[in-house]
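Asks: quick one, fold the following:
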Amino acid sequence: MNIIKQFENLVNGWNESSKCNYCWKFIGAGRPDLFNMFTDIDVSKCCIYVGLFNIKFGTRYKMNEDGFTRKSYCFVSFEGFIGIPSRLDIQFYNELGNTEEEKLQSKWAILNSIQECLGCDFMEVLCDQNGVYAPAEFAATQKINFQDTNYDGWLIKGQYNY
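Replies: Now for the predicted structure:
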């Protein structure tokens, strides 16, 4: 599976359909420090940037009753980031101002919007010329001021089995 190409196609599709009224950009960086070097940031649009790094693949084995091992399944896993360039002038939620307007302009409002947009099932079943790749695991952890660009969003981890 070409995980970079699959995610590029997925994110480009989200951009074409303006998923959740955002523009979407994919960064196939491979490493967090290379994701940090991305400079094609359009501040005039509310774009969500999706980057993949720390890509791994492997095989899980299971022992048979006769003591021999056999392949149980293969997998490809990744880490990445989904988020937007941070606004350093706004609060996280209500630590500086507690009005509803201030809360609606907070970092949490942005993070929550991305979370609701992605949902817990955003890792669709991916298909390529080699077969069907079923999602096996997905987790996201909040991250504020990530890298030099100070992205706000979600550090993600996922795995596909095939």
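
Asks: neighbours of the closest residue to residue 88 other than its chain neighbours, how many?
Replies: Nearest in space to residue 88, with sequence neighbours left out and distances taken as CB to CB, 6 or more residues apart in numbering, is residue 150 at 6.4 Å. In this view, the C-beta of every residue, glycine as well, is placed from N, C-alpha and C. By the criterion of other CB atoms under 10 Å, residue 150 has 14 neighbours.

Asks: just the strands in the protein please.
Replies: Along the chain, counting by DSSP state E, strands occupy 23-30, 47-63, 69-85, 126-128, 131-146, 151-161.

Asks: who's in contact with stretch 3-16?
Replies: Here stretch 3-16 makes contact (CB atoms under 8 Å, 6 or more residues apart in numbering) with 22-26, 28, 30, 50, 52, 55, 76, 78, 124, 126, 128, 133, 160.

Asks: wait, what's in contact with residue 24?
Replies: Neighbours of residue 24 in contact, by CB under 8 Å, 6+ apart: 11, 12, 14, 15, 47, 48, 50.

Asks: so, low pLDDT: which residues of this protein?
Replies: Regions of the chain meeting the criterion pLDDT under 70 cover residues 43-44, 125-131.

Asks: do you know how far residue 101 is from residue 77?
Replies: Applying CB to CB, to the nearest Å, the value for residue 101 to residue 77 is 41 Å.

Asks: the more surrounded of those two?
Replies: Neighbour count, other CB under 10 Å: between residue 101 and residue 77, residue 77 has more, with 17 against 8.

Asks: name whatever forms a beta bridge with the more buried one.
Replies: residue 56, residue 159 (DSSP bridges).

Asks: how close does residue 155 sit to residue 62?
Replies: Using CB to CB, residue 155 is found at 31 Å from residue 62.

Asks: more neighbours: which of these two?
Replies: Comparing residue 155 with residue 62 by other CB under 10 Å, the one with more neighbours is residue 155, at 17 against 9.

Asks: pretty sure the more buried one sits against residue 141.
Replies: Yes - in this structure, residue 155 is within contact of residue 141 by CB atoms under 8 Å, at 4.8 Å.

Asks: could you flag which of the contacts of stretch 3-16 are buried?
Replies: 22, 24-26, 28, 50, 52, 55, 76, 78, 126, 133, 160 (16 or more other CB atoms under 10 Å).

Asks: of these, which pair is most distant in space?
Replies: 22 and 76 (26.2 Å; CB to CB).
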